[in-house]
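> Fold the following, please.
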Amino acid sequence: MKILLNIFFISILFIGCSTQQKIVQPYQQSSFQKENKENKEKKSTTILDVFKAKKKIIILYSSNTIGHYAIEATNTSMAYMLQSNIDFEIQTIDIKDYSWESLESGFKSAQDMDGENVIALLTSQSYKDLVDVENLDQFNIYLPLIHKNNVQKIKKNIIFGGIDYEAQFNKLLLYSNKKDTELYDNSNFGFALHSKLDSMDQALLYAQTIDNFSADYGDLLIKNKSKLEQSTLFINTPIVKSSIILSQLRANDISPNRILSTQLNYTPLILSLTQAQDRENLIVASSISDIYDSLSEQVSILNSDIKYDWLNYSTLIGVDYFVNETKNTLRPVIENQVQHDIKLYKTLYHSFEEIK
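Purely as a prediction, here's the structure:
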């Protein structure tokens, strides 16, 4: 009986495995169908190419002028691309200086790279040479450090991302007691801030430039104690000088009513270089807005700071502008100028706190 069952299953297996061959004539497409199919394939490929197209951004700078800041700005740009999951290409052009000849050479290199979107880390002083560069109109240019109000000639292909210091002064002046004094740095930027404040503030009674000799700070402040006492003191000096001024004011028992500062001193260094008592009456303005957490974390992984570093923050805004093709997802752009909010902060022991 077992033998008969085996024969039965083997027979079924052979029957199940046998195939019936059928000759199928190849399908003949009409010429119209072939053309239609080719057009569809071509169209699909074109659409695919658009979605796969790389976002190319060129960062132009002079390492002789801004040094490691250019590296951080590049890292910030890369962090944005990585976090956004974008197929990208970032190239850098390091020029000798910001003369017309160097800028001309730099943009010729950008042209050779087939790059249209250029983030140029230039200062206001070099802008007049930039606008004279040949074939500049073929590029989309973003300037993270220059505000539109500080230049004479506006070109439609240039977007300005710089700080509006006049607007920051206007907001700080709301805290003035109409007895204003100023200490400012003896640099081009320091003189520019002084000139702007001097033209705006009718209550500015006394202004003094601060040189690089820190040993003289105490004597200078004591000599002018009667002017500084209970005044609204603007400090238009970089962080190290500002820290010395703040500590020397307290050390020499000089008590301004308030001490006001622009973006220049919105940095955690002021928290570590001074005592909390030195800055009890300090108010600092900042135009850096909060960026969503996932992007901030990605940037910090690449050792770039967008919370306090203006160049990194403004560069990020420029990358976003180029990637989203002028949709401005982080900050709006109106008439070629990025619109930055202005917030005022007081300092706590280890942090800044916004004044509402």
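
> Where does the prediction get shaky in the chain?
Where the chain drops to pLDDT under 70, the residues are 1-53, 213-215, 326-328.

> now the helices for it?
Remark: helices assigned in the chain by DSSP state H are 2-17, 31-52, 63-66, 68-83, 100-112, 127-130, 165-172, 188-200, 217-223, 225-228, 239-251, 269-273, 293-301, 310-323.

> Report all helices and strands that the third one contacts.
Using 3 or more CB pairs under 8 Å, 6 or more residues apart in numbering; DSSP states H and E as the contact criterion, no secondary-structure element is in contact with helix 63-66. C-beta here means a position set from N, CA and C on the backbone, and glycine is covered the same way.

> hang on, the earlier thing: and the helices of the chain: which comes nearest T347?
Nearest of the helices of the chain to T347, taken as CB to CB: helix 269-273 at 6.3 Å.

> could I have the closest one exported to CSV, CA atoms only?
Extracted in CSV, the C-alpha atoms of helix 269-273 (Å, rounded to 0.1, in the frame of the first residue of the first chain):
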residue,chain,number,x,y,z
LEU,A,269,32.2,86.7,27.1
ILE,A,270,30.8,89.7,28.9
LEU,A,271,29.4,87.4,31.5
SER,A,272,32.7,85.7,32.1
LEU,A,273,35.0,88.8,31.8
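
> for it, the distance to its chain's centre please.
23 Å (CA atoms, centre = their mean, to the nearest Å).

> Pull up the gap between the residue sitting nearest the centre point of the chain and Q337, please.
When the chain is reduced to its mean C-alpha position, the nearest residue by CA atoms, centre = their mean turns out to be S314, at 1.9 Å. Distance of S314 to Q337, given as CB to CB, to the nearest Å: 12 Å.

> just wondering, since we're on L220, how far is it from I244?
11 Å.

> quick revisit: show me what contacts the residue lying closest to the residue nearest to the centre of the chain once chain neighbours are set aside?
In space, and not counting its chain neighbours, S314 is closest to P144: 3.5 Å by CB to CB, 6 or more residues apart in numbering. Shown in contact with P144 (CB atoms under 8 Å, 6 or more residues apart in numbering): 73, 119, 121, 161-162, 310-311, 314-315, 317-318.

> what's the closest of these to L183?
W310 (21.4 Å).

> correct me, but the closest one touches I163?
Yes. Using CB atoms under 8 Å, W310 is in contact with I163, at 6.7 Å.

> what do these two both touch?
Contacts common to W310 and I163, judged by CB under 8 Å, 6+ apart, are 263, 287.

> Kindly tell me how buried I291 is, as a neighbour count.
18 (other CB atoms under 10 Å).

> distance of the closest residue to it other than its chain neighbours from I57?
In space, I291 comes closest to I306 once its chain neighbours are excluded; the distance is 5.9 Å by CB to CB, 6+ apart. Distance from I306 to I57, counting by CB to CB: 17 Å.

> Check T347 too.
On the measure of CB to CB, T347 and I57 end up 36 Å apart.

> more neighbours, those two?
I57 (27 against 21).

> correct me, but K307 touches D293?
No. Contact criterion CB under 8 Å: K307 and D293 do not qualify, at 11.6 Å.

> neighbour count winner among the two?
K307 (17 against 8).

> ok, the more buried one - contacts?
288, 296, 313.

> Any chance of JSON lines for those residues, columns distance to Y184?
Output for these, formatted as JSON lines (distance: CB to CB, whole Å):
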{"residue": "I288", "distance to Y184": "22"}
{"residue": "S296", "distance to Y184": "33"}
{"residue": "Y313", "distance to Y184": "24"}
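
> Which one (most neighbours) among the residues you listed?
The member of these surrounded by the most neighbours (other CB under 10 Å) is Y313, with 26 neighbours in all.

> OK, contacts around that one?
Neighbours of Y313 in contact, by CB under 8 Å, 6+ apart: 288, 291, 306-307.

> So which of those is the closest to L205?
Using CB to CB, the contacts of Y313 come closest to L205 at I288, 31.2 Å.

> Could I get the contacting residues of that closest one?
263, 266, 306-308, 310, 313, 340.

> just to revisit the earlier point, okay, L220 and I244: which has more neighbours?
Comparing L220 with I244 by other CB under 10 Å, the one with more neighbours is I244, at 19 against 15.

> doesn't D216 make contact with the more buried one?
No. Using CB under 8 Å, I244 makes no contact with D216, being 10.4 Å away.

> and for these two, which residues touch both?
Joint contacts of I244 and D216 (CB under 8 Å, 6+ apart) do not exist.

> burial count for L311?
L311 has 21 nearby residues by other CB under 10 Å.

> I'm done for today, thanks for sticking with me.
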